[in-house]
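**Q** Below are the sequence and a predicted model; questions follow.
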Amino acid sequence: KAEKAVKASEQKIEQMEARLKELDNLLMVPENASDMTLVTEYTSTKKALDEEVERWEQLSEELESVS
């Protein structure tokens, strides 16, 4: 069960990192740089990514202690 949670967390992290990369590319275009919708999505995705990485670390530690 812990292993499944770690894998699910890794998938979420991958998806968020991919989306951040897309948003980063969009925000590099001068006309998009002031698009607050993109900026807001970028910051909220970054925050969610940081939280998921913390969750992944906790799950990984739990998995190691079980193994």
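**A** Yes, it's here.
**Q** who does the lengthiest helix in the chain touch, helix- and strand-wise?
**A** Across the chain, the helix with the greatest residue count (assigned by DSSP state H) is helix 36-66. Contact here means 3 or more Cβ pairs under 8 Å, 6 or more residues apart in numbering; DSSP states H and E; on that basis helix 36-66 packs against helix 2-28. For the C-beta atoms, the positions are set from N, CA and C on the backbone; glycine is no exception.
**Q** The helix it packs on versus helix 36-66: what angle between them?
**A** Using axes from the mean of the first three to the mean of the last three Cα atoms, to 10 degrees, the direction of helix 2-28 lies 160 degrees away from that of helix 36-66.
**Q** count of residues packed around Leu59?
**A** 19 (other Cβ atoms under 10 Å).
**Q** In contact with it, which residues?
**A** By Cβ atoms under 8 Å, 6 or more residues apart in numbering, the contact list for Leu59 reads 2, 5-6, 9.
**Q** Of those, just say which sits nearest to Lys46.
**A** Within the contacts of Leu59, proximity to Lys46 (Cβ to Cβ) peaks at Ser9, which comes in at 16.6 Å.
**Q** The closest one: neighbouring residues, count only.
**A** Per other Cβ under 10 Å, the neighbour tally for Ser9 reads 19.
**Q** Look up the pLDDT of Leu20 for me, please.
**A** The score at Leu20 is 98. That number is its pLDDT.
**Q** Return the per-residue confidence for the closest residue to Trp56 other than its chain neighbours.
**A** Leaving aside its chain neighbours, Trp56 sits nearest to Ser9 (4.2 Å; criterion: Cβ to Cβ, 6 or more residues apart in numbering). pLDDT for Ser9: 97.
**Q** With Leu27 as the reference, measure out to Ser9.
**A** Noted for Ser9: a distance of 26 Å to Leu27, by Cβ to Cβ, to the nearest Å.
**Q** CA atoms of stretch 12-20 as CSV?
**A** Extracted in CSV, the C-alpha atoms of stretch 12-20 (Å, rounded to 0.1, in the frame of the first residue of the first chain):
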residue,chain,number,x,y,z
LYS,A,12,1.6,13.6,-9.6
ILE,A,13,5.0,15.3,-9.2
GLU,A,14,5.9,14.4,-12.8
GLN,A,15,2.6,15.9,-14.1
MET,A,16,3.1,19.1,-12.1
GLU,A,17,6.7,19.5,-13.2
ALA,A,18,5.6,19.1,-16.8
ARG,A,19,2.9,21.7,-16.4
LEU,A,20,5.3,24.1,-14.7
